[in-house]
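Novice: Quick one, fold the following:
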Amino acid sequence: MKKFPTIIPVVAAAFVAPDGRVLMQQKRKGSEHGGLWEFPGGKVEPGESLAESLCREISEELGIALDAETLEPLSFASDPALPYVILLYTCREWTGQPQCLEGQAIKWFAIDEIAALPMPPLDVPLAQALKEHLARAK
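Specialist: Take a look at the predicted model:
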């Protein structure tokens, strides 16, 4: 029987501004995927719900507060060779001004600009899912 690795859940947020731009975070150089752009978020800690984890991660990374009730599940990405499963939520409401507390940089991008960004492999299908979601919402 084939052994599968323990799955490590990761939550991430696609922050969508009223003008449709999306907030992306650049990983710090020297970290895994350093210099690449990703949706902010992180690993789910034991005992946390997915929404609680995302609220905690975003507070730590961007210094803003989220209401779990406003998070909308959008998509997920995985790779059979990796133990990670990234669960992407969209978020259109938050309290505070996003700050770059843990990454190298943060920036708002038009949805069509995101596909050209260098991203970790699992963020690529998430970016496509977000683009399709936003196109349907117009």
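Novice: Low-confidence stretches in this structure?
Specialist: In the predicted model, the chain carries pLDDT under 70 at residues 1-2, 4-5.
Novice: Give me the buried positions along the biggest helix by length in it.
Specialist: Ranked by residue count, the top helix of the chain under DSSP state H comes out as helix 123-137. Across helix 123-137, burial judged by 16 or more other Cβ atoms under 10 Å covers 123, 125-127, 129-130, 133-134. Placement of C-beta: from N, CA and C, glycine included.
Novice: what's the spacing between it and its chain's center?
Specialist: 12 Å (Cα atoms, centre = their mean, to the nearest Å).
Novice: closest to residue 111 among the buried residues of helix 123-137?
Specialist: residue 134 (5.4 Å; Cβ to Cβ).
Novice: Please export the alpha-carbon coordinates of the longest helix of the chain; CSV is fine.
Specialist: The C-alpha trace of helix 123-137 is given here as CSV (Å, rounded to 0.1, in the frame of the first residue of the first chain):
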residue,chain,number,x,y,z
ASP,A,123,-0.4,30.0,-6.1
VAL,A,124,-0.7,29.8,-9.9
PRO,A,125,-3.9,27.8,-10.1
LEU,A,126,-5.3,29.9,-7.2
ALA,A,127,-4.7,33.1,-9.2
GLN,A,128,-6.5,31.6,-12.2
ALA,A,129,-9.4,30.6,-10.1
LEU,A,130,-9.6,34.1,-8.7
LYS,A,131,-9.5,35.6,-12.1
GLU,A,132,-12.3,33.4,-13.3
HIS,A,133,-14.4,34.2,-10.2
LEU,A,134,-13.9,37.9,-10.6
ALA,A,135,-14.9,37.7,-14.3
ARG,A,136,-18.1,35.9,-13.4
ALA,A,137,-18.9,38.5,-10.8
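Novice: Check which helices and strands that helix is in contact with.
Specialist: strand 8-16, strand 72-78, strand 84-91, helix 111-114 (3 or more Cβ pairs under 8 Å, 6 or more residues apart in numbering; DSSP states H and E).
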